[in-house]
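Q: what follows is a predicted structure for the sequence shown.
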Amino acid sequence: MAHVRSGSSLMTHILCTNDDILGFGEYSYEISDEDDLETFNFDVRRKSREFFSKPTYITNQINDSYCFPDKRLLKLKRLKFIFLIRQPQEAISSMYQLTKRFDQTHLTLEKLVDQYCKQVNYLLKLKDAISEDQYVFLTYESLIRNPENQLNRLSSFLKLNQPLSPEYNLQKFTHHSGDPSEHICSQKIKTTKSPQIKLDKVLLERAQTVYNKALVSFKKEN
């Protein structure tokens, strides 16, 4: 569970390289009941061509608010969640570069800040709907600075047979679902140097306030 340009595609590749986990990137699928969960699981296997594998988890990269319209479904104990957020200056700069790449000139910096704030606030609402033992929280910055520690935390949380590795494989969904940039092809966790934009002070402060609120809320319980 993450906002746009938070490092969620990187995390998905790391997860899907582990034999205990199967996924197909950022997969748009609305889950309203347990039958939808089973259909989602089958469809990921179909797309991955992994009908006979026996993963412990089937994962989805969720970057928007459509996936779980009924929050009661989140309380199913077999569901586990990884919450990932990124500092607003870095995240919004990356969002802006993406709008340029796809010629989305209608998305102004103000609209991008609105989107960032809306998505981070939505993650907080999801967190409040589930129990503490169902989720783990980390920031993109902590993953980049100390990957071994953060991946060990995740491996322990998920009770994986083999720990997660900072080196990952490219997948069938690489560049088709999730991050379209070349950074994802490096196959290892590394610092990226995206061009930074100059954000209006008021806009940056608004986004930073939401980010700081999320840090306090998640770290208080995780």
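A: All right, it came through fine.

Q: now residue 151, nearest residue through space, not along the chain?
A: residue 164 (4.2 Å; Cβ to Cβ, 6 or more residues apart in numbering). Any C-beta I mention is one placed from the backbone N, CA and C, and that applies to glycine too.

Q: now for that neighbour: which residues touch it?
A: Residues near residue 164 by Cβ atoms under 8 Å, 6 or more residues apart in numbering: 14, 15, 17, 18, 151, 152, 154, 155.

Q: equivalent analysis for residue 173, please.
A: Contacts of residue 173 (Cβ under 8 Å, 6+ apart): 24, 25, 47.

Q: quick one: the strands in the chain, in order.
A: 21-23, 57-59, 81-85, 135-139 (DSSP state E).

Q: next one: the first one to chain centre, how far?
A: I take that to be strand 21-23. 14 Å (Cα atoms, centre = their mean, to the nearest Å).

Q: list the contacts of it.
A: With Cβ under 8 Å, 6+ apart as the criterion, strand 21-23 contacts 12, 15-16, 44-45, 48, 50, 53, 55-61, 158, 160.

Q: each with direction, which strands does that strand pair with?
A: Here strand 21-23 is paired, per DSSP bridges, with strand 57-59 (parallel).

Q: ok, back up a step: out of the contacts of residue 173, which is most surrounded?
A: Comparing those by number of neighbours (other Cβ atoms under 10 Å), residue 24 comes first, having 26 neighbours.

Q: and that one, what pLDDT?
A: Per-residue pLDDT puts residue 24 at 94.

Q: residue 9 now?
A: Reported pLDDT for residue 9: 95.

Q: and it, how many residues sit next to it?
A: Neighbourhood size, residue 9 [other Cβ under 10 Å]: 24.

Q: wait, it touches residue 16, no?
A: No. Look at residue 9 against residue 16 with Cβ atoms under 8 Å: they stay out of range, at 10.5 Å.

Q: which ones are touching residue 32?
A: Counting by Cβ under 8 Å, 6+ apart, residue 32 has contacts 69, 70, 73.

Q: ok, and the most crowded of these?
A: Ranking the contacts of residue 32 using other Cβ under 10 Å puts residue 73 first, with 17 neighbours.

Q: now do the contacts for it.
A: Neighbours of residue 73 in contact, by Cβ under 8 Å, 6+ apart: 31, 32, 33, 34, 37, 79.

Q: pLDDT weak spots in this protein?
A: Counting by pLDDT under 70, the ranges of the chain that qualify are 221-222.

Q: re earlier: can you add mean neighbour count and give the strands of the chain back as a markdown table?
A: Output for these, formatted as a markdown table (neighbours: other Cβ atoms under 10 Å):
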| stretch | mean neighbour count |
| --- | --- |
| strand 21-23 | 20 |
| strand 57-59 | 19 |
| strand 81-85 | 21 |
| strand 135-139 | 20 |
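
Q: for residue 116, which of the ones you listed is the nearest?
A: strand 81-85 (9.6 Å; Cβ to Cβ).

Q: residues contacting the closest one, please?
A: 1-3, 6-8, 11, 74, 120, 123, 126-127, 130, 134-140, 143, 154, 211, 214-215, 218.

Q: so which of those residues belong to helices?
A: Among these, the members found in helices (DSSP state H) are 8, 11, 120, 123, 126-127, 140, 143, 154, 211, 214-215, 218.
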